[in-house]
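> my questions concern the predicted model and sequence given below.
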Amino acid sequence: MKYTTRRFLQSTAALGLLAAAGWASAQADAWPSKPIRIVVPYTPGGSSDIIARIISQPLQEALKQTVMVENKPGANGNTGSDMVAKAPADGYTLLLCDVGALSISPSVYTKLPFNPSKDLKGVTMLAYSPHLLVVHPSVKANNLKELVAQSKAGQMDFAITAIGSAPHLAGVAVEKATQAKWQYIPYKGGSQALSDTVAGQTQVVMNGMLATLPFVQSGKLKVLGVSKATRVPLLPDVPTIAEQGVKGFESGTWQGILVPAGTPQPVVDKLNAELTRIIRSPEVRSRLTAQGAEVYTMTPAEFGSFFERERKHWATVVAQGNVKLD
């Protein structure tokens, strides 16, 4: 009797798994059947917003459904990210954000309303762009050494996307390495930090190249350094920050797509395939490359591993900088 019961339970469980797999597959086949929204947890005009608007039209054409970009800024990207984490796990709500900022949040915020590692699932990375260290043209410094010296001579306002953001921690790392002295001025997004520096309200800003380069090219901002291991082709005469004395320094923005954790894997895989094709297409790749971004794609599993490495890395940086928010 016990053997028969055990066999019955095993058969029932197997049938349950097959039914679940069949349901997930059927759901993926039916998806999408209604509009999709890409939530950008920052203000319009930043790197994530730029990429969201670049991919939304080709994604709409590929999926034959309306794809809308929705900006939900607040709390260094956590407001919009939390909204997606709590959204139905059906493939109709996507999060496009700076993965670096997302991986920093668990270490910076003592009361985060969601767990990025558990409540969100990575679909694919899309692009990477290094940070540019730029100043208002009125700042007389022409390199990092001169900027540091000028900062020690008087107050210098350093615009950041938010307290605890990747540009903020990058600024802290440079400050500690060079003994610079600047006052951090937090904003709700990179576009606002840039616009205030362009207006001369702040003197220094470090932000993703994708959003910052147009201001450099137009002469509205002056670039002093790039936060990559090697110089970038679009700015061959601009030295890296590492070249200017901060050995091994490298930072930047990683844009990626995530969905609520319970989203069926067939839907995630379908999204991954379409987004990978779109971001690698010659038209999209050339648009991003022209603005200083590099295309990066990953499988969902690779994305998960990357996120955990970033989380551990930034936890160390946050601890060293003693950056904490309630």
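Alright, I've got the coordinates.
> mind listing what's buried in stretch 29-43?
31, 32, 36, 37, 38, 39, 40, 41, 42, 43 (16 or more other C-beta atoms under 10 Å). In short, each C-beta sits where N, CA and C put it, glycine included.
> and which of those residues is nearest to residue 230?
In terms of C-beta to C-beta, no member of those lies closer to residue 230 than residue 42, at 27.6 Å.
> next one: the closest residue to the closest one other than its chain neighbours from residue 270, what distance?
Closest residue to residue 42 apart from its sequence neighbours, by C-beta to C-beta, 6 or more residues apart in numbering: residue 189 at 4.2 Å. For residue 189, the distance to residue 270 (C-beta to C-beta, to the nearest Å) stands at 30 Å.
> neighbour count: those two, which is higher?
residue 189 (28 against 19; other C-beta atoms under 10 Å).
> contacts only, for that one.
By C-beta atoms under 8 Å, 6 or more residues apart in numbering, residue 189 lies in contact with 42, 43, 45, 46, 73, 161, 162.
> quick check: residue 268 touching residue 258?
No. Contact criterion C-beta atoms under 8 Å: residue 268 and residue 258 do not qualify, at 9.8 Å.
> ok, those two, which is more surrounded?
residue 258 (27 against 23).
> for whichever strand or helix holds the more buried one, C-alpha coordinates in PDB please.
Applying DSSP states H and E as the criterion places residue 258 in strand 252-260. In PDB, the C-alpha atoms belonging to strand 252-260 read as follows (Å, rounded to 0.1, in the frame of the first residue of the first chain):
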ATOM      1  CA  GLY A 252      30.300  53.700 -15.400                       C
ATOM      2  CA  THR A 253      26.600  53.000 -16.000                       C
ATOM      3  CA  TRP A 254      25.200  49.600 -16.900                       C
ATOM      4  CA  GLN A 255      21.700  49.600 -18.400                       C
ATOM      5  CA  GLY A 256      19.700  46.500 -18.300                       C
ATOM      6  CA  ILE A 257      16.100  45.100 -18.500                       C
ATOM      7  CA  LEU A 258      14.500  43.400 -15.500                       C
ATOM      8  CA  VAL A 259      11.100  42.000 -14.800                       C
ATOM      9  CA  PRO A 260       9.200  40.800 -11.600                       C
END
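> what strands line up against that strand, and which way round?
Sheet pairing of strand 252-260 (DSSP bridges) gives strand 93-98 (antiparallel), strand 120-135 (antiparallel).
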